[in-house]
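Participant: the following block contains a protein sequence and its predicted model.
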Amino acid sequence: EVQLVESGGGLVQPGGSLRLSCAASGFTFSTYDMSWVRQAPGKGLEWGSVIFSDGGTPYYADSVKGRFTVSKDIAGHLLHLQMNSLKTEDTAGYYCPRGRRQCDYWGQGTQVTVSS
């Protein structure tokens, strides 16, 4: 059974940092592209970052480029998202679905709130 469990969210002040993690199980983690997708209140899904199974340059949305870094711990079956210089507009639920665009499995998400 495929499982994706996000963690690491919380309340942080503008300019602060958070590191999100996604524990993956039930599939061969190394062979799949993985995404970080967020959804702000009342808004649609935004693909923030994608890390590719072939080791290619990760994708970052313009809104997070230069501030967020995605990484993959193959041995630990973990996906991470290091988020620096957080802004209030980064407030959202963050998800780590399996895949690139047509993602087939999603976790329950972790909430990030950026507020002073």
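Facilitator: That came through, no problem. All values reported here derive from a predicted model rather than from experimental measurement.
Participant: show me what the residue nearest the centre of the chain bridges to in the sheet.
Facilitator: For the chain, the residue nearest the mean C-alpha position is W36 (2.9 Å; CA atoms, centre = their mean). Using DSSP bridges, the beta-bridge partners of W36 come out as S49.
Participant: so it sits right up against Q82, yeah?
Facilitator: No: contact between W36 and Q82 fails when scored by CB atoms under 8 Å: they sit 10.6 Å apart. For every residue, glycine as well, the C-beta is placed using N, CA and C.
Participant: if we can go back for a sec, so who does the residue nearest to the centre of the chain touch?
Facilitator: By CB atoms under 8 Å, 6 or more residues apart in numbering, W36 lies in contact with 20, 22, 47-50, 68, 70, 79, 81, 94-96.
Participant: okay, those residues in TSV with pLDDT, neighbour count and distance to T28 next?
Facilitator: TSV is the format used below for the contacts of W36 (pLDDT from 0 to 100; neighbours: other CB atoms under 10 Å; distance: CB to CB, whole Å):
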residue	pLDDT	neighbour count	distance to T28
L20	98	24	22
C22	98	26	16
W47	95	17	22
G48	94	23	24
S49	97	23	21
V50	97	20	18
F68	98	21	26
V70	98	21	19
L79	97	24	14
L81	98	25	21
Y94	98	23	24
Y95	98	22	20
C96	98	29	16
